[in-house]
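Have a look at this prediction, sequence included:
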Amino acid sequence: MSKTIHGHDIMQMMIDSDKTYTKESLEKVIIEKFGEDARFYTCSAENMTASEIIDFLDSRGKFEADGVGFKTDPDKICNH
């Protein structure tokens, strides 16, 4: 059985690390932290892979460009 993790946990992990990511580096960190079998969900989508949650969050404007990569900000995490 795979773990299910909310997208907010990904964003909080990014904030806590204070690092800049590319999609590839973020996917690697997500898999290292949560496992290859983990699945991710948000308020409006579920059962996503690491790659799919990254694309989903990006499409929702949750990332901010930072040099050659991107970061996120606490203000980007919804509170509902």
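Yes, it's here.

Walking through this protein, point out its strands one by one.
4-6, 39-41, 64-66, 69-71 (DSSP state E).

Need the winner for burial among these.
strand 39-41 (a mean of 19; mean count of other Cβ atoms under 10 Å). (C-beta placed from N, C-alpha, C; glycine too.)

Residue 52 and residue 42 touch, don't they?
No - in this structure, residue 52 is not within contact of residue 42 by Cβ atoms under 8 Å, at 10.6 Å.

Out of the strands of the chain, name the one with the poorest average pLDDT.
Ranked on mean pLDDT, the bottom entry among the strands of the chain is strand 64-66, at a mean of 90.

where does this protein have low pLDDT?
1, 80 (pLDDT under 70).

Now do the helices for it: every range, in order, please.
Remark: helices assigned in the chain by DSSP state H are 7-17, 23-34, 50-59.

Which of residue 52 and residue 42 has more residues huddled nearby?
Using other Cβ atoms under 10 Å as the criterion, residue 52 and residue 42 rank with residue 42 on top: 17 against 14.
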